[in-house]
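K.L.:
Build me a model:
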Amino acid sequence: MSNKVSHSEVILVGSHGCNRCNILHSKLPDVVSVYIPNRSLGFGDTIANITDMLSIRSCRACKLRQSILNYIFPYPWAASKHIRMVRNKVLALGERELPVLIDANLDKLYNIDEFAPGFVDKYMKKTKKKTQR
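P.N.:
Numbers count the residues shown, from 1 in each chain. Presented below is the predicted three-dimensional model:
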């Protein structure tokens, strides 16, 4: 773990039913966890799901647009305002795959291996390869 960052300054963002998220949470039990529902939280997520089905790659600008559209056209029934805000901040920072570690101010992503050494190689390599096609 980095000497500069304590677990109290970090939030684990995961999704419901995600095995990797549950494993990371078990490795970092003292880190606050926020779980995002497995459904579209706004219009940006709907567009992203459609482009994924059409095998259109998403870039950082796409993720930023997704975040903006989610903010402008949220689905209030899908999750609380706080959950939608956390999800949009993660998207705006360019990350789409969960779990992620983000600082308490929601403006910086952390390398998971700084807190749980070897986690990325063991649990996330396969999915990173799939998303890079």
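K.L.:
middle-most residue in the protein, spatially?
P.N.:
Centroid-nearest residue in the chain, with C-alpha atoms, centre = their mean: Leu98, separated by 4.2 Å.
K.L.:
how much space between it and Ile112?
P.N.:
11 Å (C-beta to C-beta, to the nearest Å). Just so you know, the C-beta spots here come from the backbone N, C-alpha and C atoms, and that holds for glycine as well.
K.L.:
How about Thr46?
P.N.:
28 Å.
K.L.:
cool, and Ile50?
P.N.:
Remark: distance between Ile50 and Ile112 (C-beta to C-beta) = 29 Å.
K.L.:
For the residue nearest to the centre of the chain, give me its contacts.
P.N.:
13-15, 18, 20-21, 36, 90 (C-beta atoms under 8 Å, 6 or more residues apart in numbering).
K.L.:
Thr46 and Ile112 - which one has more neighbours?
P.N.:
Between Thr46 and Ile112, counted using other C-beta atoms under 10 Å, Ile112 has the larger neighbour count: 21 against 17.
K.L.:
Many thanks, I have nothing further to ask.
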